[in-house]
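>>> Okay, sequence plus prediction incoming.
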Amino acid sequence: MTETPPSQDETMSPSKQGLKLLVEIGPLVVFFIGNTRYDIFVATGAFMAATAVSLLASRLIFKRIPAMPLVTGIFVFIMGGLTLYLHDELFIKLKPTIVNVLFASILLGGLAYGHSLLKYLFSDVFQLLDEGWRKLTLRWALFFLFLAVLNEIVWRFFSTDFWVAFKVFGIMPLTLIFSIMQLGLMQRYQIDASEKRELASQ
């Protein structure tokens, strides 16, 4: 459903990880099928409905709705609603740009005030030194800006069908590849047992 950092999947069983992946990418698949069989407006309505189902499923199955999918879902409803009401596909095309710029701004704003916001979201799953959290937060902020620029290029210079397909078959693989590329940084700044004891004693 969104372009977001890896969530707390590592604490889940493989079956729940698969279910979570289905919940997250389901709306995008529905969006792609709706556009392929009908048009962007039918696809947008289906996307909004699938997003609502996805958020509800996340709440019922996992007992929580992560912050980033929730924010993305809100923008899906706002921009999708404007698309259908005004019968103008521009709004749904702008949604990824707005959301990614928003995420990047929040992360960079946090860094400007000395806070690594990803640490607050994922510290229960990943134990990193503060320098690691700062670098990881900066990398994700820059990646979100990259996705925003990429979305602008694709929707402005390519067809609607290409843009929809790119959301499904382009953005998701790019996000996965980028996530995997961060494993080296996370391993380098991972807190080992002795460091945990030192931090706990401070």
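Right, received. Where do you want to start?

>>> now the helices: where do they sit in the protein?
For the chain, helices defined by DSSP state H occupy the ranges 14-37, 40-62, 67-86, 90-112, 117-122, 130-157, 160-166, 172-181, 183-188, 193-201.

>>> tell me, which of the ones you listed is the model least confident about?
Confidence, taken as mean pLDDT, is least for helix 193-201 of the helices of the chain (a mean of 52).

>>> Distance check, the residue lying closest to residue 48 once chain neighbours are set aside against residue 72.
Closest residue to residue 48 in three dimensions, ignoring its sequence neighbours and counting by CB to CB, 6 or more residues apart in numbering: residue 80, at 4.4 Å. Just so you know, the C-beta spots here come from the backbone N, C-alpha and C atoms, and that holds for glycine as well. The spacing between residue 80 and residue 72, counted by CB to CB, to the nearest Å, is 11 Å.

>>> now the residue nearest to residue 48: how far from residue 97?
To residue 97, residue 80 is 15 Å away according to CB to CB.

>>> Comparing these two, which residue is more hemmed in?
Neighbour totals were compared for residue 80 and residue 97, and residue 80 leads with 23 against 16 (other CB atoms under 10 Å).

>>> Might you report the residue contacts of residue 102?
For residue 102, the contact set (CB atoms under 8 Å, 6 or more residues apart in numbering) comprises residue 71.

>>> one more time with 7 Å, if that's ok
For residue 102, no residue meets the contact criterion (CB atoms under 7 Å, 6 or more residues apart in numbering).

>>> what do you get for residue 67?
Under the criterion of CB under 7 Å, 6+ apart, the neighbours of residue 67 are residue 121.

>>> Quick check: it vs residue 182, distance?
When distances are taken as CB to CB, residue 67 and residue 182 turn out to be 19 Å apart.

>>> Then residue 192?
19 Å.

>>> Give me the distance between the nearest residue to residue 43 once chain neighbours are set aside and residue 20.
Nearest non-adjacent residue to residue 43, counting by CB to CB, 6+ apart: residue 34, 3.3 Å away. The span separating residue 34 from residue 20 equals 23 Å under the rule CB to CB.

>>> Hmm, residue 185 and residue 126 touching each other?
No. Distance between residue 126 and residue 185: 10.7 Å, which falls outside the contact criterion (CB atoms under 7 Å).

>>> Settle it for me: which of those two has more neighbours?
Taking residue 126 and residue 185 together and counting by other CB under 10 Å, residue 126 has the greater number of neighbours (19 against 14).

>>> Tell me which residues touch that one, please.
Under the criterion of CB under 7 Å, 6+ apart, the contact list for residue 126 reads residue 186.
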